[in-house]
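[1] generate coordinates for the sequence data below:
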Amino acid sequence: MSFKQQLLALQLLWVSSGLLAQGAVVTPPPSLVIDGVPAISTSLADSIGRYGDFRRAVLLDWHPSNHSILLHTRFAETPQLHLVSVPGGDRRQLTFFKDAVRAALFHPNGGDYLVYAKDAGGGEWYQLYRYDMASGVSTLLTDGKSRNLMGPFSSRGDLIAYVSTRRTGKDTDLWVMNPAQPASDHLLTQLEGGGWAPLDWSPDDSRILLQEQISIDEIHLWLVDTTSGEKTAVTPRAEKSIAYGEGRFSRDGKGLYVTTDRDSEFQRLAYLPFDTRAHHYLSTAIPWDVEHIETSRDGQYLAAVTNEGGSSALYLMPTKTNVLSRVRDLPEGVIDSIRWDSDGRQLAVSVSNARVPGDVYSVGVPDGKITRWTQSETAVPTAGLRAAELVKWKSFDGRTISGFLYRPPARFAGKRPVLVIIHGGPEGQARPDFLGRSGYYVNELGIAVLEPNVRGSTGYGKSFDLLDNGFLREGAYRDINALLDWIQTQPDLDASRVAVGGGSYGGHMTLAVSAFYSDRIRCSVDLVGPSNLVTFLEHTEAYRRDLRRVEYGDERDPKMREFLERIAPMNNVGKIRKPMLVVAGRNDPRVPVSESDQIVAALRNQGTPVWYIAAKDEGHGFQKKPNQDYQLYATVKFLGQCLDIPQPQVAAVR
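    Presented below is the predicted three-dimensional model:
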């Protein structure tokens, strides 16, 4: 039976079961361009909808005087800024925009205003704004056209550092302004390339610590004189394959606390005095990456977050002793933000896990008291959700690859179909986090979701990070092929019903698996994925092109270009014989929509079934809730038909 015949049969079955009520269909959001996606019944959407009704609270800052917490969360269509005045208190919404607001800092001297960053339509051309707390009025601080990324406030609290593409459209120069006096805005240092970020100001504000990223494995630190703009290398520019991830000045200004993989596979915490430049390693006993560090404003404490096999651990360190102690009473999960209050006696953190979409806690110092500030709502009860299971398999070269498996509830009998979801990056990692909308696949369709960390993923040492660079790219594809072998050995998983999906680089991997292992999967879901790394590199925004060339290879080199063209899914489209759902944003600055357009056109031309959803008001992935919801409805319908799931296991509406 052909796919079209299967599709018709399953649609008839869904009609007979009441899931496609005549005339009751979902109207897509007007911003979406739909091509090839069949009508979606409102009854199906109603059964799915509650999986999109959840909120997460992500920490941004403490108010410097009244001890309230600034966070972003979503009450309507997009995440916006909210203020929580007391633990467990209401979230008071501050901003009300169509586009998300995810970054903001309070003016450290009194909190009379905050500075936030916002783009338009997902294009990532971020502008900085001042929000006055008394009036609620926002004032544009930047030019309205360039890309601007916010850095830290100065130690005195009157100036903010940021980087901007204003001068060339490509290079991210270092700028400084007093947000209360926008006319003070000035270019401090001209820089070359798009990988620059200000990390900290010295205690006397005479220097700014600046990070330069060449690639994931080569990151340098510089000091910039705040009067002359002259920059001085902290780390030798000639050193290759060494990365400095974070950096903060010590309170006396005589050195830096940094994270670095110098002399190590992992990012370690180290103290680097300016006089000797010797590295004093402080976390050698922890065989994992130190991901985040933050010093208290008085310099007496440092907080550090480690990534231990995907889960986070929090450590506190008095800077008098430089001895790390683990905080034991926080919920297990992933910590994605930390921030000290102005007194240095409370550390706020954001935590998420399989049962918590994201909440803010504070840790008292030195008493260690844990206080929960938010309790994020979910329409789906989370108490009974299964935690992710760590699984491992051997790849083609004998290397062990791992991932996280979410098994369906026990009520689903027999071998279960599998959805392999590949993370983006490639400098990224699947972690045991909240599934959100994907929970519907597991809990209501009985699909096992498996999130692999193929070679090139972060979190497993820098040698593992580099295993997919350039000419090694196909090794990552083969890791998924080995995973398909592993699925065949599992008594509760159905290797004959496997779908693969992913976003960004995960979308590219999805396209590659669809081309080179088409006979091993039923269908695929490509979200904003590059279909040809050559055309992707040629058309991604200029400010990020050189950074991507280090990872994927320089398409201007004839040998590399020939290799990339040979492995491009777009140039192997004839091998893609299974149905595909493609999702893209028209304003995507990272993976231009042309990457999706060309693969869809080629698939349609050769008769391979393809559904296409493109958003006119989105960029690199959907951010607006109506668009996200429709994407989920279409994906559920697509997977249900491809994986021979006759009807969703519809749960009663609660």
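[2] from now on I want contacts and neighbour counts done on CA atoms only, so please keep to that.
    Will do.
[3] the stretch 401-550 of the chain: helices as residue ranges?
    439-443, 462-465, 473-488, 505-516, 533-539, 542-552 (DSSP state H, counting those that start in this stretch).
[4] how about those, which one is nearest Pro203?
    helix 542-552 (31.1 Å; C-alpha to C-alpha).
[5] now do that closest one: which elements does it pack against?
    Using 3 or more C-alpha pairs under 8 Å, 6 or more residues apart in numbering; DSSP states H and E, the elements in contact with helix 542-552 are strand 207-215, helix 533-539.
[6] save the helices of the stretch 401-550 of the chain as JSON lines, and put in distance to Trp62 too.
    Below are the helices of the stretch 401-550 of the chain laid out as JSON lines (distance: least, C-alpha to C-alpha, whole Å):
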{"stretch": "helix 439-443", "distance to Trp62": "32"}
{"stretch": "helix 462-465", "distance to Trp62": "34"}
{"stretch": "helix 473-488", "distance to Trp62": "42"}
{"stretch": "helix 505-516", "distance to Trp62": "35"}
{"stretch": "helix 533-539", "distance to Trp62": "40"}
{"stretch": "helix 542-552", "distance to Trp62": "32"}
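[7] most packed of the ones you listed?
    Sort the helices of the stretch 401-550 of the chain by mean neighbour count, taking mean count of other C-alpha atoms under 10 Å, and helix 505-516 sits at the top with a mean of 27.
[8] helix 473-488 and that one, what's the angle between them?
    Helix 505-516 runs at 80 degrees relative to helix 473-488, counting by axes from the mean of the first three to the mean of the last three C-alpha atoms, to 10 degrees.
[9] what helices and strands are in contact with helix 505-516?
    So helix 505-516, by 3+ C-alpha pairs under 8 Å, 6+ apart, packs with strand 416-422, helix 473-488, strand 493-503, strand 523-527.
[10] need the longest helix for this protein.
    Scanning the chain for the longest helix, with DSSP state H as the assignment, gives helix 625-642.
[11] measure the nearest residue to Tyr517 once chain neighbours are set aside to His508 for me?
    Leaving out its chain neighbours, the residue that sits closest to Tyr517 by C-alpha to C-alpha, 6 or more residues apart in numbering is Asn481, at 7.2 Å. Separation of Asn481 from His508 (C-alpha to C-alpha, to the nearest Å): 15 Å.
[12] just Ala134 next, same as before
    Distance from Ala134 to His508, by C-alpha to C-alpha: 47 Å.
[13] check Thr371 too.
    Thr371 is 42 Å from His508, by C-alpha to C-alpha.
[14] still on that earlier bit, okay, the helices and strands packed on helix 505-516 in JSON lines with distance to Thr227 and mean pLDDT next?
    Below are those laid out as JSON lines (distance: least, C-alpha to C-alpha, whole Å; pLDDT from 0 to 100):
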{"stretch": "strand 416-422", "distance to Thr227": "47", "mean pLDDT": "98"}
{"stretch": "helix 473-488", "distance to Thr227": "45", "mean pLDDT": "98"}
{"stretch": "strand 493-503", "distance to Thr227": "43", "mean pLDDT": "97"}
{"stretch": "strand 523-527", "distance to Thr227": "46", "mean pLDDT": "98"}
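[15] for Ser164, find the nearest of the ones you listed.
    Closest among the helices and strands packed on helix 505-516, using C-alpha to C-alpha: strand 493-503, at 27.0 Å.
[16] so, low pLDDT: which residues of this structure?
    1-23, 646-654 (pLDDT under 70).
[17] would you map out the domains in it?
    3-53+380-642, 243-376 (automatic domain parsing).
[18] looking at those, which is nearest to Pro64?
    Using C-alpha to C-alpha, the domains of the chain put domain 243-376 closest to Pro64, at 5.4 Å.
[19] what is the end-to-end distance of that closest one?
    Start-to-end, domain 243-376 (C-alpha to C-alpha) is 36 Å.
[20] equivalent analysis for stretch 144-159, please.
    Across stretch 144-159, first to last residue, C-alpha to C-alpha, it's 20 Å.
[21] quick one: contacts of it?
    107-109, 116-117, 124-128, 142, 160-166, 169, 176-179, 197-205 (C-alpha atoms under 8 Å, 6 or more residues apart in numbering).
[22] go on, stretch 543-556?
    In contact with stretch 543-556 (C-alpha under 8 Å, 6+ apart) are residues 165, 169-172, 193-195, 213-215, 468-471, 473, 533-534, 537-538, 560-561, 564, 590.
[23] do the same with stretch 411-429
    With C-alpha under 8 Å, 6+ apart as the criterion, stretch 411-429 contacts 216, 310, 430, 446-453, 456-459, 465, 491-507, 509-510, 643.
[24] now name the helix or strand holding Leu199.
    Assigned by DSSP states H and E, Leu199 belongs to strand 196-201.
[25] hmm, I was thinking of Asp336
    strand 334-340.
[26] how far is that strand from where the chain is centred?
    Computed by C-alpha atoms, centre = their mean, to the nearest Å, the chain-centroid distance of strand 334-340 equals 15 Å.
[27] which strands and helices sit next to that strand?
    Strand 334-340 packs on strand 58-62, strand 289-295, strand 311-318, strand 346-353, going by 3+ C-alpha pairs under 8 Å, 6+ apart.
[28] quick one: strands adjacent to it?
    Here strand 334-340 is paired, per DSSP bridges, with strand 346-353 (antiparallel).
[29] and the longest helix of the chain, what does it pack onto?
    Looks like helix 625-642 contacts helix 3-16, helix 42-49, strand 523-527, strand 580-585 (3+ C-alpha pairs under 8 Å, 6+ apart).
[30] in ChimeraX, how would I select the buried members of the contacts of stretch 144-159?
    Of the contacts of stretch 144-159, the buried ones can be selected in ChimeraX as follows, counting by 16 or more other C-alpha atoms under 10 Å:
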select :107,108,116,117,124,125,126,127,128,142,160,161,162,163,164,165,166,176,177,178,179,197,198,199,200,201,202,203,205
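[31] in helices, which of the contacts of stretch 144-159 appear?
    Among the contacts of stretch 144-159, no member falls in helices (DSSP H).
[32] let's see which of the contacts of stretch 144-159 end up in strands.
    When the contacts of stretch 144-159 are checked against strands (DSSP state E), the matches are 116-117, 127-128, 160-164, 176-178, 197-201.
[33] so Lys170 is in contact with Gly193, correct?
    Yes. Between Lys170 and Gly193 there is a contact under C-alpha atoms under 8 Å: 6.8 Å.
[34] does Thr260 really touch Phe266, like I thought?
    Yes. Counting by C-alpha under 8 Å, Thr260 sits close enough to Phe266 to count as a contact (7.5 Å).
[35] if you count what's nearby, which of these two comes out ahead?
    More crowded of Thr260 and Phe266, by other C-alpha atoms under 10 Å: Thr260, with 27 against 24.
[36] using PDB, write out the CA atom coordinates for the strand holding Leu199.
    Provided in PDB are the C-alpha atoms of strand 196-201 (Å, rounded to 0.1, in the frame of the first residue of the first chain):
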ATOM      1  CA  TRP A 196      32.700  38.900  21.000                       C
ATOM      2  CA  ALA A 197      31.000  39.300  24.300                       C
ATOM      3  CA  PRO A 198      31.700  41.500  27.400                       C
ATOM      4  CA  LEU A 199      31.800  39.400  30.600                       C
ATOM      5  CA  ASP A 200      32.600  41.700  33.500                       C
ATOM      6  CA  TRP A 201      34.000  45.100  34.600                       C
END
